[in-house]
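A.B. asks: With the input below, show me the fold.
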Amino acid sequence: MAKVLLSVHVLAAILAIGPIAVAASVFPRYARRAEPGDGTPAFLHRLCRVYTAVGVAVPAFGLATGARMGVLTDAWLIASIVLTAIAAGVLALAILPGQRRMLAAPGKDRQREN
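C.D. replies: Numbering: from 1, shown residues only. As a prediction, the model looks like this:
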């Protein structure tokens with residue numbers, strides 16, 4: 001069972017966290033260069049929001065795997081949990097609100113923010 005949980009955890013990480021990383025990294029470039037009516041920045045922001053919700057599966061399956069393997073108190077797992085929490089905090093408290101601000105800003109202000 002631990003192998004199945006680990007496989008689902010890794011697959012969820014690849015399918016959920018990867019798109020967030022890519023969309024968040026290219027968002028500023030597309031937001032700065034967007035012409036009126038260009039939906040690319042809004043699409044990238046929506047992608048980040050949706051995949052953030054899907055990304056909750058990654059730590060859920062990670063904790064289930066750790067519990068099944070009996071390693072919940074190991075230092076490497078605790079460090080992983082802390083780093084995941086920090087990454088989720090940065091995404092929720094800095095990246096997504098920053099994207100919202102850039103989408104709401106007039107064209108000139110977008111260039112000054114980044």
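
A.B. asks: ends of stretch 62-77, how far apart?
C.D. replies: Using C-alpha to C-alpha, to the nearest Å, one end of stretch 62-77 lies 9 Å from the other.

A.B. asks: okay, which residue is most central for the chain?
C.D. replies: Centroid-nearest residue in the chain, with C-alpha atoms, centre = their mean: Ile20, separated by 4.2 Å.

A.B. asks: Surely that residue is in contact with Tyr51?
C.D. replies: Yes: if you go by C-beta atoms under 8 Å, Ile20 and Tyr51 touch, sitting 4.7 Å apart. For every residue, glycine as well, the C-beta is placed using N, CA and C.

A.B. asks: Once you drop chain neighbours, what's closest to Leu5?
C.D. replies: Distance criterion C-beta to C-beta, 6 or more residues apart in numbering; nearest residue to Leu5, sequence neighbours excluded, is Thr65 at 4.1 Å.

A.B. asks: can you pull the pLDDT of the one you found?
C.D. replies: Model confidence at Thr65, expressed as pLDDT, equals 91.

A.B. asks: Enumerate every residue touching it.
C.D. replies: Going by C-beta atoms under 8 Å, 6 or more residues apart in numbering, Thr65 touches 2, 5-6, 9.

A.B. asks: Recalculate using a threshold of 6 Å.
C.D. replies: Neighbour list for Thr65: 5-6, 9 [criterion: C-beta atoms under 6 Å, 6 or more residues apart in numbering].

A.B. asks: Pull out the buried positions in stretch 87-101.
C.D. replies: Residues 91, 95-96, 98-99 are the ones in stretch 87-101 that count as buried (16 or more other C-beta atoms under 10 Å).

A.B. asks: what's the answer for stretch 74-89, then?
C.D. replies: Neighbour counts over stretch 74-89 (16+ other C-beta under 10 Å) mark 77, 84 as buried.

A.B. asks: How far does that stretch sit from its chain's centre?
C.D. replies: Mean C-alpha position of stretch 74-89 versus that of the full chain (C-alpha atoms, centre = their mean, to the nearest Å) differs by 14 Å.

A.B. asks: State the mean pLDDT of that stretch.
C.D. replies: 92.
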